[in-house]
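Undergrad: heads up, no residue letters with this:
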């Protein structure tokens, strides 16, 4: 709380008598009512306004001018047509530090209430502004309706024409302009219930600075445009309770995150919403961190997308969106027609959107200009309903996901146009022994950064390409008898497994190792499949003891050992119509060296 100097001002004897007799009822103003021209103190003979209001008072239409700052310690009602002229450096405090002071200012469109500096064309920051410390209640509301406040903001850069410090106020049909800071400022303990149809312009630092908790109080009928910086600055925690869903509106200027934001309760983001993160500050938008029930449901449209981006438009401006919660029917995590850009600053294993044990449905959305990946997901995350997205302009690749989630991806998404056109994958695939999933033939290669183990059936679609890092392998059924690999390319669109990079060479990676019999609805098969650059152990393709596989119409080779190595005790093996590309030690090794 700010320290105040108590200043006593002399008043004429008759005014003191008059005030003591009628302060509890009303105080009539001098001069005419109506609205002075913007920036012009036009009251000819304003009445004196006391600097301390300690009992209920009503100001009727007219002009008033205090000799200094005003402290309102009781209920103050201001009628339509009142103008209050504030001296340089003064403030109009409501309920400071914890008095029952309230302000109920009820102007009309024809006769608004005006607070402004007491000189003609007062500069921005001429006075401090209205400062509200008290909460608004039905019986004693803080309300500004058809009120104009201008020329304030001198207290600090984090203040405004109206500043709320733990207070609350209903603000409607009102105008806030010519502040040297913000039009309206609210600290983390303040609220703005019933905020609607206002105009905030001509302010130096932006329209508003408010806690993220209050973003859902704002409305699209208010005009936030026409400031030196057209933003609403926000930061902090959003927590309206686990069962209360609030909306972030698509107002006419960006929300500007000056620090990180954490969603601890459900939020729906409306079409046209834009948030910019202050560049270089390590800012993130966390969804459900530390087990809270936060969720993010961003619902843009093709013409009015939701946008999350950095303030400078450069890769790594901010961390990005981090999702820790699972999507549920009641509180879904959704990005639909949403653009997320300029993130990835947390680490090389992150993205514009990073999932840490979370799940998100992502559709019709764009992820670009990350200093890492467009999207990153750890091994406990899922991507249900992923479709028709665009992922481009990212430094390390389109995506980094667990192999478990490869089947979530779709061919309608564009993954190309990144510095490195890959989707990085690794780990175990296990969707259950009776569930067969498909690996799609997307428009960039999957890049296996570590070994991949199939513990359930996988069908590989035509056009699929996987590039293997040095020493890696694909194990089929090593940990589970349900593992199967059924690769179904075509003569024009083969399936490809090869080494990573421009010229990996023979023996760069190990092999596709079959450990399970070729039985059931999804037999082990390589059809129209290229397997190249492997054989660091015994072959590009290895059929182990008791295992089975069929290899047809495929191209095998560029191996540092055999093309295909088949254990003499395999369950089954057949091959036909294949092409073996040298080098290789032998096309098919059945000597038992596998």
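TA: Looks like it arrived, so ask away. Predicted model, so just to flag it, every value in this text is computed and none were measured.

Undergrad: Count the residues that sit near the nearest residue to residue 461 once chain neighbours are set aside.
TA: Once its chain neighbours are removed from consideration, residue 461 has its nearest residue in residue 441; the separation is 4.8 Å (CB to CB, 6 or more residues apart in numbering). Backbone N, C-alpha and C define where each C-beta goes, glycine included. By other CB atoms under 10 Å, 18 other residues sit near residue 441.

Undergrad: nearest spatial neighbour of residue 431, skipping sequence neighbours?
TA: Going by CB to CB, 6+ apart, residue 431 has residue 456 as its nearest residue, at 4.7 Å.

Undergrad: That neighbour - how many residues pack around it?
TA: Residue 456 is surrounded by 21 other residues when neighbours are defined as other CB under 10 Å.

Undergrad: Verify the stated contact: it with residue 407.
TA: No: using CB atoms under 8 Å, residue 456 and residue 407 do not qualify as a contacting pair, with a distance of 10.1 Å.

Undergrad: intersection of neighbour lists for the two?
TA: Among the neighbours of residue 456, those also in contact with residue 407 (CB atoms under 8 Å, 6 or more residues apart in numbering) are 429, 431, 437.

Undergrad: if you look at these, which of them are in helices?
TA: With helices taken from DSSP state H, there is no overlap with those.

Undergrad: Report the mean per-residue pLDDT for stretch 146-162.
TA: Model confidence over stretch 146-162, given as mean pLDDT, is 97.

Undergrad: Can you measure across it, start residue to end residue?
TA: 14 Å (CA to CA, to the nearest Å).

Undergrad: what comes up buried for it?
TA: 146-155, 159-162 (16 or more other CB atoms under 10 Å).

Undergrad: Show the backbone phi and psi for residue 105.
TA: Reported as degrees, to the nearest 10, the phi and psi values for residue 105 are phi -110, psi 110.

Undergrad: I'd guessed residue 549 sits against residue 543; true?
TA: Yes: in this structure residue 549 lies within contact range of residue 543 using CB under 8 Å: 5.0 Å.

Undergrad: which residues do the two both contact?
TA: Common neighbours of residue 549 and residue 543 are listed as 514, 573 (criterion: CB under 8 Å, 6+ apart).

Undergrad: Would you mind splitting this protein into its domains for me?
TA: Domain ranges of the chain: 23-225, 231-421, 425-594, per automatic domain parsing.

Undergrad: Turn the buried residues of stretch 146-162 into a markdown table, columns for distance to residue 447.
TA: As requested, these are exported to a markdown table (distance: CB to CB, whole Å):
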| residue | distance to residue 447 |
| --- | --- |
| 146 | 62 |
| 147 | 60 |
| 148 | 60 |
| 149 | 58 |
| 150 | 58 |
| 151 | 60 |
| 152 | 57 |
| 153 | 53 |
| 154 | 57 |
| 155 | 55 |
| 159 | 52 |
| 160 | 51 |
| 161 | 55 |
| 162 | 54 |
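
Undergrad: which residues of the protein fall in helices?
TA: Remark: helices assigned in the chain by DSSP H are 13-22.

Undergrad: so where is it shaky, pLDDT-wise?
TA: By pLDDT under 70, the low-scoring segments of the chain are 1-42.

Undergrad: try 50
TA: Where the chain drops to pLDDT under 50, the residues are 1-39.

Undergrad: and the closest residue to residue 100 other than its chain neighbours, how many neighbours?
TA: Of all residues beyond its chain neighbours, the one nearest residue 100 is residue 74 (6.3 Å), with distances taken as CB to CB, 6+ apart. Here the count is done by other CB under 10 Å, and residue 74 has 18 residues near it.

Undergrad: and residue 74, what is it in contact with?
TA: When contacts are counted by CB under 8 Å, 6+ apart, residue 74 touches 53-57, 99-102.

Undergrad: hmm, try it at 7 Å
TA: Applying CB atoms under 7 Å, 6 or more residues apart in numbering, one finds that residue 74 lies in contact with 53-57, 100-101.

Undergrad: what's the spacing between it and residue 449?
TA: For residue 74, the distance to residue 449 (CB to CB, to the nearest Å) stands at 69 Å.

Undergrad: Residue 245 now?
TA: Computed as CB to CB, the residue 245 to residue 449 distance reads 38 Å.

Undergrad: go on, residue 97?
TA: Relative to residue 449, residue 97 is positioned 59 Å away (CB to CB).

Undergrad: Compare the two and say which is more crowded by neighbours.
TA: Between residue 97 and residue 449, counted using other CB under 10 Å, residue 449 has the larger neighbour count: 17 against 12.

Undergrad: was I right about the more buried one contacting residue 468?
TA: No: taking contacts as CB atoms under 7 Å, residue 449 lies outside contact range of residue 468: 9.3 Å.

Undergrad: nearest residue to residue 250 other than its sequence neighbours?
TA: When the adjacent residues along the chain are set aside, residue 250 lies closest to residue 272, with 2.7 Å between them (CB to CB, 6+ apart).

Undergrad: same check, this time on residue 96
TA: Counting by CB to CB, 6+ apart, the residue nearest residue 96 is residue 133, at 4.8 Å.

Undergrad: wait, what's in contact with the one you found?
TA: By CB under 7 Å, 6+ apart, the contact set of residue 133 is 93-97, 165-167.

Undergrad: give me phi/psi at it?
TA: As for residue 133, its main-chain torsions (degrees, to the nearest 10) stand at phi -110, psi -10.

Undergrad: Report the contact partners of the residue nearest to residue 490 when sequence neighbours are not counted.
TA: Once its chain neighbours are removed from consideration, residue 490 has its nearest residue in residue 462; the separation is 4.8 Å (CB to CB, 6+ apart). The contact partners of residue 462, by CB under 7 Å, 6+ apart, come to 441, 488-490, 493, 495.

Undergrad: and residue 462, how far is that from residue 492?
TA: Plainly put, residue 462 is 8 Å away from residue 492 if you go by CB to CB.

Undergrad: Quick check: end-to-end length of stretch 394-412?
TA: Criterion CA to CA; first-to-last residue distance in stretch 394-412 is 19 Å.

Undergrad: Now it: buried residues?
TA: Buried residues in stretch 394-412, defined by neighbour count with 16+ other CB under 10 Å: 394-409.

Undergrad: what about residue 287, neighbour count?
TA: What residue 287 shows, counting by other CB under 10 Å, is a neighbour count of 27.
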